[in-house]
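>>> coords please:
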Amino acid sequence: MANNLTSEPTSAAPVLVVGAGLAGLITARTLHKAGVPVQLLEARDRVGGRTLAVPALPGSPEEEWLDLGATWGWAHHPFLMRLFKELAIDPVEQPSTGATAYETTDTVHRLPHPSGSAGYLRLVGGAAILCRTLAAGLPAGAVQLNTRVTQLRHLANGSGVELQAVQGRSAQTYFARAVVLALPPRLVAHSIAFVPALAAPLQQALRSVPTWMSHAMKSIVVYAEPFWRQQGWSGFGVSQLGPLSEIHDASPLVGNTGALFGFFGAPHPLRTASVTDRQAAVVRQLVRMFGPQAGAPLAYHELDWSLDPLTSVPGDEQPPLAVPLQGPELLRQPAWAGTLHWAGAETSASEWGRLDGAVESGYYAAAQVLRQPASGA
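Okay, the predicted model is just below:
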């Protein structure tokens, strides 16, 4: 079944953006504001990509949702700060007052210096509020969920790109003047076929870039209140024992609920255990580090990003040996005679992998598309 936004590849075809994470949404929004017809295709049943917030407790208002994905920005991130202003969203500094808990193999040390998360910026409702706000500003129908792209074909004579996708059980065909792939490069190489095949150096660039957060597993434990603050703890902790290697105060920025979140060590044997066993181990650790009140949680949330097939590929569960400062130069250049472009935090020339990098890459990709002549013109 063909789902053509135009009946054939012409200069009137839209730009297709694949991936409704922060980079894809910035790309689509920028193109839309420039008057370019744009359609955004997302394999998930939600927008947001690696930003994901969940209710702290059943029925919690959106303002009290907690991040299971990307969380922080910093004041020195220019593109993220620009976006905050454009969307009239005000960041709030991560709670960090109090002592640091440092757990060694024999005891928990109380370090009086400022928390290691001082100056981190969070958003009320979680970082995913950025993506929900961006999506709400696009025209009705511009975002198409549950649509997984399987193949791109470069059409002859400058006619653009034919895109094959699966929506539910239906095969879909789209024609576009240009395509922007706003996905982790490794995921692109693993899951999308290209006709003709991409040049070997470009294929290698896609495969070689580590995926930000792909090895990460986050756990959040919710409490009636942030009791640790009354005891002079910041909620920031580091542990040599685990299972959480690093812990932060994740309490909602409004309301009275408390929450602590941490990163599971990678690899860690408990990552293949049951949720019940992981929760019990996490709570025992928090009791060791913050006292008996940590033994009475109201809720537990977790997400292993290495198991998300729309983020990670086999092998991504291992942390990278090195984190790049910038994405590959080949992923800053269009391919297929200017009809194929790249976006995403892994392609950024600013804050690689972070929210700021995703935003920068979206602005960059959109500007690149706008500089290209329309296909078929």
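
>>> list the residues that contact the most centrally placed residue in the chain.
In the chain, the centroid-proximal residue (Cα atoms, centre = their mean) is residue 50; its distance is 2.2 Å. For residue 50, the contact set (Cβ atoms under 8 Å, 6 or more residues apart in numbering) comprises 21, 69, 70, 212, 213, 305, 311. C-beta coordinates here come from the backbone N, C-alpha and C atoms, glycine included.

>>> how many neighbours does residue 42 have?
26 (other Cβ atoms under 10 Å).

>>> buried ones in the helix or strand containing residue 129?
Assessed by DSSP states H and E, residue 129 sits inside helix 128-136. Judged by neighbour count using 16 or more other Cβ atoms under 10 Å, the buried positions of helix 128-136 are 128, 129, 130, 131, 132, 133, 134, 135.

>>> got a list of what the closest residue to the third one other than its chain neighbours touches?
Beyond its immediate neighbours in the sequence, the residue positioned closest to residue 130 (Cβ to Cβ, 6 or more residues apart in numbering) is residue 22, lying 6.1 Å away. Residue 22 is in contact with 48, 49, 51, 70, 130, 131, 134, 345, 355, 358, 359, 362, counting by Cβ under 8 Å, 6+ apart.

>>> what's around the first one, how many residues?
For residue 48, the number of neighbouring residues by other Cβ under 10 Å comes to 24.

>>> looks to me like it is in a strand.
No - counting by DSSP: H, G, I helix; E, B strand; the rest coil, one finds residue 48 to be coil, located in no strand.

>>> report the contact partners of the nearest residue to it once chain neighbours are set aside.
Spatial nearest neighbour of residue 48, chain neighbours left out: residue 131 (4.2 Å); criterion: Cβ to Cβ, 6+ apart. Residue 131 sits next to 20, 21, 22, 25, 47, 48, 49, 51 when contact means Cβ under 8 Å, 6+ apart.

>>> can you confirm residue 248 is in a helix?
No - under three-state DSSP, residue 248 falls outside any helix and is assigned strand.

>>> which residues of the chain fall in helices?
Here the chain has its helices, by DSSP state H, at 22-33, 78-87, 128-136, 185-191, 200-208, 227-230, 275-290, 355-371.

>>> which one of the ones you listed lies nearest to residue 142?
helix 22-33 (6.7 Å; Cβ to Cβ).

>>> for the closest one, buried residues please.
Neighbour counts over helix 22-33 (16+ other Cβ under 10 Å) mark 22, 23, 24, 25, 26, 27, 28, 29, 30, 31, 32 as buried.

>>> name all residues that make contact with the last one.
Okay, so that is residue 32. For residue 32, the contact set (Cβ under 8 Å, 6+ apart) comprises 38, 138, 139, 142.

>>> and what of the second one?
Residues near residue 23 by Cβ under 8 Å, 6+ apart: 49, 182, 343, 344, 345, 347, 358, 359, 361, 362, 365.

>>> one more: the third one?
Taking Cβ under 8 Å, 6+ apart as the criterion, residue 24 is in contact with 17, 18, 40, 42, 49, 180, 182, 343, 344, 362.

>>> out of these, which one sits closest to residue 152?
Relative to residue 152, the closest of the contacts of residue 24 is residue 18; by Cβ to Cβ it sits at 8.8 Å.

>>> show me what residue 195 is bridged to.
Taking DSSP bridges as the rule, residue 195 bridges to residue 153.

>>> oh, that last question was meant for residue 263, not what I typed.
According to DSSP bridges, beta-bridge pairing links residue 263 with residue 218, residue 246.

>>> wait, doesn't it sit right on residue 220?
No - if you go by Cβ atoms under 8 Å, residue 263 and residue 220 don't touch, sitting 11.0 Å apart.

>>> these two: who's more crowded?
Set residue 263 next to residue 220 and count neighbours by other Cβ under 10 Å: residue 220 wins out with 22 against 18.
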